[in-house]
Every structure is written in structure tokens, then in C-alpha cells.
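Colleague: the sequence and its predicted three-dimensional model are supplied below.
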Amino acid sequence: MTEVMIDAVPLADGGSELFDWMARMRDHHPVWREGDGAYHVFRYADVERVLTDHAAFSNDISRINPELAEISQGNINSMDPPGHTKLRRLVSKAFTPRTVGALAPRIASLADELLEEVTTEEFDLVDALTFPLPVIVISELLGVPASDRHLFRTWINRMLNAQSMTAREGITSESPEYADLLEQVTKDMADYLLQHCRDRRLHPRDDLISALCTAEVDGERLSEDEVVKFADIVFMAGSVTTTLLLGSSVLCLDAHPEAMAAVRRDAALIPPAIEEVLRYRAPFTTASRITAAEVELGGVTIPENRVVTPWLMSANHDERRIADPGRFDIRRDPNPHLAFSHGIHFCIGAPLARLEAKIALEALLRRFPSLEVDRSVEIGYHERGMWGPKNLPVIARPN
């Protein structure tokens with residue numbers, strides 16, 4: 001049985017083609033090589049191993065593309081221990097439960113303010129709430145002006161469009177032009193963050209960039225480049241992940257009226273509902289690793305320095321680990337999804353994303369006793385690597 005990778009599967013009506021394809025791959029090709037490119041991994045146990053065994057599966061992308069060595073240096077998403085351990089220990093101070101919890105009143109205030117600006121019953125929820133809320137929260141956390149969010153949206157869209165383009169044109173992380181493309185789409189934001197970094201070196205404030213600039217680990221401070229790269233990751237991942245999660249939450253609840261009715265009756269069901277959205281429609285469909293040595297996985301021998309793509313979305317729908325995975329169940333317990341990865345690279349911003357999603361949904365449902373997705377308007381979806389709506393037309397009636 002031969003399978004062909006789907007680069008841009010239609011995602012309308014829940015993306016059934018993609019989920020059917022992932023099910024076939026779990027059954028027949030649990031570890032599968034795409035031509036002469038990456039090895040794709042689909043079953044929960046194998047995906048969990050790739051995410052957890054950092055000695056065998058490295059995050060250092062320069063292993064396969066030396067052109068990326070400078071770009072990836074100091075990038076926490078492209079580092080292995082012990083460097084990763086040192087940097088994560090430093091930045092994790094900004095995402096402790098106490099630090100994140102203290103943001104709750106501000107997040108609630110922002111959500112209410114944004115929804116108060118809605119003056120019509122028909123509007124786009126991405127524009128009104130799911131994009132601006134996490135962008136403002138992350139901006140304030142970092143210490144950059146939220147008023148610059150028009151710039152941030154330009155840079156985010158540039159990055160997302162570049163990801164779609166690489167899929168369409170067959171540009172992989174091993175391609176010579178990949179490094180140039182990555183530098184082009186990140187340069188403006190990196191320059192912007194560098195200005196703020198240099199300002200905080202001279203004039204520290206009570207924000208994350210200042211904390212990164214002034215903190216020490218083992219007697220060492222982060223370089224300007226390391227601060228900029230981490231701030232970039234926090235901003236891009238923190239804002240995009242929450243935008244996708246919020247949009248998918250509304251889509252899932254709208255598609256399952258009994259779940260929508262349940263969370264309206266009992267707000268205590270919102271956190272487990274969010275966990276089920278994370279499993280059912282993970283914001284990031286895949287991750288990426290590089291083999292540090294020859295390794296056997298799912299009966300397949302993978303040579304050293306090969307790209308391995310664990311499918312988080314597929315693992316979350318693997319009936320070998322998840323009971324009745326096609327059912328959207330907001331009371332699912334346990335819910336061992338891998339939406340935020342696993343192991344030492346578990347998403348450091350997960351507590352913030354969960355908190356933002358909870359508060360935003362509470363505000364949305366409180367303000368609009370009638371809320372439905374307007375499916376007469378075409379909804380665009382991200383093509384590869386991410387899951388979620390680009391736009392989300394809704395019809396909502398306030399109290």
C-alpha cells in the first residue's frame with residue numbers, strides 16, 4: 001500500500017480527509033518516509049518516544065543544515081541539553097504558576113474590553129478577539145508596545161505564509177535556501193526586539209525582556225542574540241498557539257451543541273473542554289526532531305542525521321492510547337494528549353495559553369448568550385504544521 005503525503009488537504013467540515021489519512025498511516029505505515037525526505041511518525045507510543053528521548057532525537061537543526069548554525073544558536077527550540085537546560089531554567093521563572101496566575105485580572109479586563117468593541121451581531125472572531133487578546137498579553141509580558149500589534153500581525157502572517165510556501169514548493173529544513181528564507185521572514189521582528197533589548201540593558205523595567213537581559217545562570221548572562229531569539233519564540237509561539245486554540249475551541253463547541261450547552265450551564269467544564277480541544281484539534285499538528293544516531297523506531301531503522309516528524313495530532317487520535325478518539329468529549333478523563341509536546345521540550349507557555357483560553361471563553365459565553373459560527377461564509381484554515389481557522393465568522397447576540 002503506497003501513501004502520498006498531503007501537503008494542503010481540504011480542512012472544511014472538520015478536515016475529514018486528513019484524519020482518515022492519519023488513521024490509515026497509523027494502521028499501515030506508523031513510521032513512514034516521505035520520498036527521500038523526513039520520516040513521519042503517527043502512533044502515540046512512537047510519537048511520545050521521539051518527544052521524550054532527547055538523546056536519540058535532537059532538536060539541533062544545524063545537524064542537517066550547517067547554514068542554520070548561526071540562526072539556531074541560542075534558540076531554545078533548537079537546543080539540546082546542557083545548553084537547553086540552562087536557558088529553560090532561566091526563562092521558566094517568567095512562567096511559574098504564580099506569575100501566570102497574577103496575569104488573570106489583566107487578561108479578563110482585556111477580553112471584556114475587546115468584546116465591548118464589537119458593535120454588530122455578525123463579525124470575525126479572529127479580528128475581534130482570538131488574535132488581539134494573546135498578542136496584547138504577550139506584548140505586555142515582554143514589555144513591547146501593544147499598540148504595535150499591526151506590525152506583529154504582519155510579521156506573524158509573513159512567517160505563516162512562509163511555512164505554507166515551503167510546503168508547496170518542497171523547501172525543507174535541509175534545503176540551502178531554507179536559511180535565507182528564515183532570515184528574511186524574521187529579520188524585521190528581530191531588529192525590533194533587539195532595540196528593546198538594548199534599551200533594557202540600560203533602563204531595566206518590570207517585564208520579561210528586562211528579566212532576560214539582567215538574569216544570570218551559573219554566573220552567565222544571556223547574550224543579546226539569545227534574548228532576542230527567546231523573545232521572538234515567546235511572541236510567535238505564545239500568540240499563534242492561543243489564537244489557534246481559541247478559534248478551534250469555538251469551532252468545536254459550535255459543532256457539538258450539547259458540549260456548548262454544558263459549558264454554558266457549568267463554567268467549571270471550560271478547563272476540561274479546553275483540554276479536549278487541545279487533543280481533538282491540537283494547534284500544532286507536528287513537531288520536528290533530528291536523529292542523533294542510527295535508531296530503530298516502529299520496526300524502521302532511521303539513519304543518523306535524518307529529520308523525524310512526530311505527528312502530535314495523529315497521536316492524539318490513536319485508538320491504541322485514546323479511547324474512542326473520534327468522539328469530542330469535554331469530560332474525558334484521563335486526557336493524555338500531546339498537544340504541548342512532552343518531556344524536556346514541553347511548551348513552557350502552556351499554563352498561559354490555558355489561562356487565556358479559559359478566561360476568553362468565559363467572557364465570550366457570558367457576553368453572548370447566543371453564539372454560532374456563520375458557516376455561510378467560507379472559513380480558511382492553515383495548511384500544514386498548524387491547525388486552526390484563519391478567519392472565524394460568527395453571529396452573536398449580546399445580553
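Modeller: Perfect, thanks for sending it. Numbering: from 1, shown residues only.

Colleague: give me the neighbour count for residue 191.
Modeller: Neighbour count of residue 191, defined by other Cβ atoms under 10 Å: 10. (Glycine included, C-beta is placed from N, CA and C.)

Colleague: so it, which of the three states?
Modeller: Following DSSP: H, G, I helix; E, B strand; the rest coil, we place residue 191 in the helix state.

Colleague: that one and residue 198: what is the separation?
Modeller: According to Cβ to Cβ, to the nearest Å, residue 191 stands 11 Å off from residue 198.

Colleague: counting neighbours, what do you get for residue 363?
Modeller: 21.

Colleague: hmm, who's touching stretch 283-290?
Modeller: Outside stretch 283-290, the residues that touch it by Cβ atoms under 8 Å, 6 or more residues apart in numbering are 38, 50-51, 57-61, 63-64, 173, 240-241, 244-245, 248, 305-313, 339, 341, 384-388.

Colleague: correction: the previous question concerned stretch 251-259.
Modeller: With Cβ under 8 Å, 6+ apart as the contact definition, stretch 251-259 has outside contacts at 14, 260, 263, 273, 276-277, 280-281, 328, 330, 371-373, 389, 392.

Colleague: those in helices, which ones?
Modeller: Judged by DSSP state H, the contacts of stretch 251-259 include 260, 263, 273, 276, 277, 280 as members of helices.

Colleague: I figured the second one was touching residue 362, is that so?
Modeller: No: counting by Cβ atoms under 8 Å, residue 263 stays clear of residue 362, with 9.1 Å between them.

Colleague: which residues do these two both contact?
Modeller: residue 270.

Colleague: ok, those two, which is more surrounded?
Modeller: Neighbour count, other Cβ under 10 Å: between residue 263 and residue 362, residue 263 has more, with 21 against 15.

Colleague: the more buried one and residue 48, how far apart?
Modeller: Separation of residue 263 from residue 48 (Cβ to Cβ): 29 Å.

Colleague: ok, now residue 353?
Modeller: 21 Å.

Colleague: more neighbours, those two?
Modeller: residue 353 (27 against 20).

Colleague: so what's the more buried one up against?
Modeller: Applying Cβ under 8 Å, 6+ apart, the residues contacting residue 353 are 134, 238, 241, 242, 245, 340, 347.

Colleague: in what helix or strand does the closest residue to the last one other than its chain neighbours lie?
Modeller: By that I understand residue 347. Using Cβ to Cβ, 6 or more residues apart in numbering and skipping residues adjacent in sequence, the residue nearest residue 347 is residue 340, 3.9 Å away. Secondary structure from DSSP states H and E places residue 340 outside every helix and strand.

Colleague: backbone dihedrals for residue 340, please?
Modeller: The phi/psi pair for residue 340 (degrees, to the nearest 10) reads phi -100, psi 20.

Colleague: what does residue 335 give?
Modeller: phi -130, psi 80.

Colleague: my read: it touches residue 272, true?
Modeller: Yes: applying Cβ under 8 Å as the test, residue 335 and residue 272 come out as touching, 7.3 Å apart.

Colleague: figure out the length between the terminal residues of stretch 268-286.
Modeller: For stretch 268-286, the first-to-last residue distance is 30 Å (Cα to Cα, to the nearest Å).

Colleague: next, the buried residues of it.
Modeller: Residues of stretch 268-286 classed as buried by neighbour count (16 or more other Cβ atoms under 10 Å): 269-286.

Colleague: coming back round to it: quick one: residues contacting the residue nearest to residue 347.
Modeller: Counted by Cβ under 8 Å, 6+ apart, residue 340 has contacts 278, 346, 347, 350, 353.

Colleague: repeat that for residue 398.
Modeller: 118, 367, 368, 369.

Colleague: can we see that at 6 Å?
Modeller: 367, 368 (Cβ atoms under 6 Å, 6 or more residues apart in numbering).

Colleague: tell me how far it lies from residue 120.
Modeller: 11 Å.

Colleague: the nearest residue to residue 372 once chain neighbours are set aside: neighbour count?
Modeller: Counting by Cβ to Cβ, 6+ apart, residue 372 lies nearest to residue 395, which is 5.4 Å off, once chain neighbours are set aside. When counting by other Cβ under 10 Å, one arrives at 17 neighbours for residue 395.

Colleague: got it, and residue 319?
Modeller: So residue 319, with other Cβ under 10 Å, has 14 neighbours.

Colleague: ok, now residue 43?
Modeller: Using other Cβ under 10 Å, residue 43 is surrounded by 23 other residues.

Colleague: swap in residue 301?
Modeller: What residue 301 shows, counting by other Cβ under 10 Å, is a neighbour count of 9.

Colleague: in three-state terms, how would it be classified?
Modeller: strand.

Colleague: what distance do you get for the closest residue to it other than its chain neighbours to residue 18?
Modeller: Among residues not flanking residue 301 along the chain, residue 294 sits closest, at 6.5 Å (Cβ to Cβ, 6+ apart). Applying Cβ to Cβ, the value for residue 294 to residue 18 is 31 Å.
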